[in-house]
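A.B. asks: Mind folding the following:
(chains A and B)
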Amino acid sequence: MKNQLYLYNTLSRKKELFEPLIPGRVGLYVCGPTVYGDPHLGHARPAITFDLLTRFLLHLDYKVRYVRNITDVGHLENDADEGEDKIAKKAKLEELEPMEVAQYYTNRYHHYMSLLMVKDPSIEPHASGHVIEQIEVIKSILDKGYAYESNGSVYFDVKKYDEGFPYGILSGRKVEDLISNTRTLDGQNEKRSAPDFALWKKAAPEHIMRWPSPWSEGFPGWHLECSAMSKKYLGEQFDIHGGGMDLLFPHHECEIAQSTVDTGKVPARYWMHNNMITVNGQKMGKSLGNFITLEEFFTGNNKNLEQAYEPMTIRFFILQAHYRSTLDFSNAALQAAEKGFDRLRQAIENISKINPSDKSSVDIPAFEQNCYAALADDLNSPILIAHLFDAVKMINSLVAGNLSISESDLLQLNQLMNLFVSDILGLDVSLGQSTNDSSKLDEVMDLMLQVRSDLKNNKDWATADKIRDELNRIGFEIKDGSSSATWQLK
RNA sequence: GGUUCCUUGGCCGAGCGGUUAGGCACUGGUCUGCAAAACCAGGUACGGCGGUUCGAGUCCGCCAGGAACCUCCA
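C.D. replies: Modelled structure (predicted):
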């Protein structure tokens, strides 16, 4: 029943059958956050995309080692002499220890990811904890002649690399184009050529995050941490490398070049890139200032938000679009997702109300096959969700008695809904009623409904409706059935 | 300027050569004292112009509009 998994590989620009290097095992590396700002909706996308991938791989019985880094050093704010580590800049602004800032945002990231039901990676290496490994990679590249030292900094020689290796295999860039089209930046004089990128940067005097190296007191270059840490934890070659599309160039292209010189191999065989989340058609990003933090989503405290949204609404919203498509944020879209998810949630609750028959008029194996086929086709979560809504309709019809289902099929249906909704899509469908005092609440509500029933029997519609309306106002939804009434918290 | 990608119904969002995507909203019906929920039924679509094909949102070309990357970024 489980299909073979096809994944879109950016390297080949087509869907490919996924075959791991070592049968039964998957090495996955995903570019994690730079911890200098609060996690926002953009951070949720790759986290959820690769969480879905991991959950599905685990379900397919692969042993997965999922490495997702924390970038707490190494990305430059400006080029060359103005070079300053982002973390350090923010730290000075707030007069905090740089690592204190990094730790604060790392904690925040973890907190919000767990609210979104994103599972922890197997290993979460910090760039700052792997400076030694990064220096080793630089030495290796220098030894092989593909890097040069300049004024205490070390640069990767892209032109030389391009002579013997296919620079641009991932992004399709050509070195000549890069040379002629690169925008004029300050301090290019240390580099031999514009596309060259830093492996090690000498720290400016005011730069407080610095480490000793054979070349200078400084810090590792832009793209080095991923090469060094993926090699350390997943080996010279591993299965899947993931990240946002905005990292495709230059980050991943440079990573491939570094690793190829260092180890002789393209580090990952499958490269997966999630698309951006946009606001009014424009990328949601730190530098654009149009991002909404996850905290704001959950509290509703942002001028762009008409209301607060539950973490599961956001997860469902993201999963309703394919990971390689842009997804446009709007309150209307979020609210539609909220209602849709609620219907799904309610249907799962309703499964327990179904009475089995001798035989089925529904096709559960077909439903199962459809779900697996959707996931196997490059993690097509929107198609999977469409099939789940077919099941919602099926469940409600079964409850209404329009369809019939055998006991074994019912058991199977229940398991499949649980599998796809909870285990694989990672959606928490519990309705959030606290269990502590719910029994007393149940008793009170039963009493209210009993009183209403008596009123209705006496044709006192006005009082009966008043009770229903008032309960509605408080937040209880009353559903009058033909024989009895039920209620639920809205 | 270079590279890559996108344009689907009121909104979101799949599909990518021939058969209902799905959700939200909307309309009619069933049920109900009336509602709500649920169920049944229904409508609205592939940016424009050419081309390939028996047949094109789906392939090709041109045009228009938009985006991402080329600079830290998920």
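
A.B. asks: give me the number of residues near the spatially closest residue to residue A:105 that is not a sequence neighbour?
C.D. replies: Excluding the flanking residues, the one nearest residue A:105 by Cβ to Cβ, 6 or more residues apart in numbering is residue A:35, at 3.9 Å. C-beta here means a position set from N, CA and C on the backbone, and glycine is covered the same way. A count of nearby residues for residue A:35, using other Cβ atoms under 10 Å, gives 25.

A.B. asks: Same question for residue A:120.
C.D. replies: 12.

A.B. asks: Let me know the secondary structure of it.
C.D. replies: coil (DSSP: H, G, I helix; E, B strand; the rest coil).

A.B. asks: May I have the phi/psi pair for it?
C.D. replies: Main-chain torsions, residue A:120, degrees, to the nearest 10: phi -70, psi 140.

A.B. asks: how close does it get to RNA strand B?
C.D. replies: 17 Å (Cβ to the nearest atom of the strand, to the nearest Å).

A.B. asks: tell me the contacts of that residue?
C.D. replies: A:110, A:114 (Cβ atoms under 8 Å, 6 or more residues apart in numbering).

A.B. asks: go on, residue A:162?
C.D. replies: A:168, A:175.

A.B. asks: Read off the pLDDT value for it.
C.D. replies: Looking at residue A:162, its pLDDT is 93.

A.B. asks: pretty sure residue A:209 contacts residue A:98?
C.D. replies: Yes: between residue A:209 and residue A:98 there is a contact under Cβ atoms under 8 Å: 5.2 Å.

A.B. asks: what about the closest residue to RNA strand B within the stretch 251-400 of chain A, neighbour count?
C.D. replies: Using Cβ to the nearest atom of the strand, residue A:340 is the residue of the stretch 251-400 of chain A that sits closest to RNA strand B, at 2.4 Å. Residues near residue A:340, counting by other Cβ under 10 Å, number 17.

A.B. asks: repeat for the one 5 residues further on
C.D. replies: If you count neighbours by other Cβ under 10 Å, residue A:345 ends up with 20.

A.B. asks: Tell me the spacing between it and residue A:339.
C.D. replies: Residue A:345 is 11 Å from residue A:339, where distance means Cβ to Cβ, to the nearest Å.

A.B. asks: hmm, back to that, surely the residue of the stretch 251-400 of chain A closest to RNA strand B touches residue A:317?
C.D. replies: No: using Cβ under 8 Å, residue A:340 is not in contact with residue A:317; the gap is 9.2 Å.

A.B. asks: so what secondary structure elements neighbour the one helix or strand residue A:178 maps to?
C.D. replies: Per DSSP states H and E, residue A:178 falls inside helix A:175-181. In terms of contacts (3 or more Cβ pairs under 8 Å, 6 or more residues apart in numbering; DSSP states H and E), helix A:175-181 is packed against helix A:158-164.

A.B. asks: Could I get the buried residue list for the helix it packs on?
C.D. replies: A:158, A:159, A:160, A:161, A:162 (16 or more other Cβ atoms under 10 Å).
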